[in-house]
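*Asks:* Return atomic coordinates for the entry below.
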Amino acid sequence: MNRLYIRQAVSISAQGFWEGFSLQDLRDDLLGFKAADADYKTVIPASPLRRMSKITKMSLLCGLSISRDPAVDWDAIIVGTGLGNLADTEKFLMNSLSQTGLVSPTAFTQSSHNTLSGQLALQLKNHGYNMTHVQRNFSFENALKDAALQFKFGANNILLGAADEHIPLLDSLAKDAGYSDEEISVFGEGASFFHLGEERSSNVFVQDISSQSSANNPLNALDEFLHKNQVDKDCCLVISTGDKLHGTTMQQRSMTSLAGKYMTSSGLAMHLGCSFLAKKEFRQVVIVNNSSTKGLGLILLSHE
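*Replies:* Prediction:
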């Protein structure tokens, strides 16, 4: 694939608000993985802010922080989300069950998954390509594939994002589905947005993307992916969204201890990977999305 440069990155998670590639003070001792509260008023008008759920506020904070340059005309706005606007969905359903007569449509209109990309387009007055990808744990990987495809066919300024939120109802639903208390305790949330294009301001680029709905041997799949891209394992860092991989000598970091588990945490992993590459600590970074029990997502980042 053509080199898709990551020009800017902004994220919010349990680690706090990250803007740019110079990430510091990463903590491995967090007791919970609720995303940090930020000053949303710096980029979101006060009137609509009061009616927004947390996932919408996180996404707009990140997306609009990247879009502060009025000269940038976005060719595409692409967002990946695994579970979408959970708080608004719960509110709409509870209102429908408890109220008689007409129910306010606000929670319903804000509960759809494409609210995030739509709100960004409204705030930016953008009429370009606008797409939301909802494929559970691989929503971000597929959104990134879409961005690479748009880039191939002429899109130069692409706003790519990933976001998921955590609400208490999710814990009870997960418990009913058979998740253990230990698994539920690491549920997290966050949002990450990127400015992608052909300009080389950061020298960090996406080299390859792969997602598999079924991967019986993740380590073999990773080895094949790295071999195809001629990656020197001694100079490559693995960032996994789930548990660390067993059976490899490559250096590893796990997002679970940094920000918990949520379906689009590979977006936050990509931001972290950009930081390592910007400091030239590694030649390449491979993001392994192994949160799913069956599939596997792989993103290879490099720098010049």
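
*Asks:* where do the strands sit along the stretch 201-304 of the chain?
*Replies:* Assigned by DSSP state E, counting those that start in this stretch, the strands in the stretch 201-304 of the chain fall at 204-212, 236-240, 251-254, 284-289, 296-303.

*Asks:* Single out the most deeply packed of the ones you listed.
*Replies:* Of all the strands of the stretch 201-304 of the chain, strand 284-289 carries the top mean neighbour count, a mean of 26, counting by mean count of other C-beta atoms under 10 Å. (Each C-beta comes from the backbone N, C-alpha and C, glycine too.)

*Asks:* Buried residues of stretch 71-89, list them for me.
*Replies:* The neighbour-count check on stretch 71-89 (16 or more other C-beta atoms under 10 Å) flags 72, 74-89 as buried.

*Asks:* Among these, which lie within strands?
*Replies:* Counting by DSSP state E, the buried residues of stretch 71-89 place 76-80 in strands.

*Asks:* CSV for those residues, including pLDDT?
*Replies:* Output for those, formatted as CSV (pLDDT from 0 to 100):
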residue, pLDDT
A76, 98
I77, 98
I78, 98
V79, 98
G80, 98
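
*Asks:* any idea how far S214 is from D208?
*Replies:* Counting by C-beta to C-beta, to the nearest Å, the gap from S214 to D208 is 19 Å.

*Asks:* ditto for N130
*Replies:* Distance, N130 to D208, using C-beta to C-beta: 26 Å.

*Asks:* Okay, domains of this structure per the record?
*Replies:* Residue ranges for the domains of the chain, per automatic domain parsing: 4-197, 204-303.

*Asks:* and M255, what does it touch?
*Replies:* Going by C-beta atoms under 8 Å, 6 or more residues apart in numbering, M255 touches 239-241, 261, 265-266, 268-269, 272.

*Asks:* Can you lay out these as JSON lines showing distance to M94 and pLDDT?
*Replies:* Formatted as JSON lines, those follow (distance: C-beta to C-beta, whole Å; pLDDT from 0 to 100):
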{"residue": "I239", "distance to M94": "38", "pLDDT": "97"}
{"residue": "S240", "distance to M94": "36", "pLDDT": "97"}
{"residue": "T241", "distance to M94": "31", "pLDDT": "96"}
{"residue": "K261", "distance to M94": "26", "pLDDT": "95"}
{"residue": "S265", "distance to M94": "28", "pLDDT": "97"}
{"residue": "S266", "distance to M94": "31", "pLDDT": "97"}
{"residue": "L268", "distance to M94": "30", "pLDDT": "97"}
{"residue": "A269", "distance to M94": "34", "pLDDT": "97"}
{"residue": "L272", "distance to M94": "36", "pLDDT": "97"}
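
*Asks:* Which two among those are spaced furthest apart?
*Replies:* The distance between the two most remote of these (C-beta to C-beta) is 14.9 Å, for K261 and L272.
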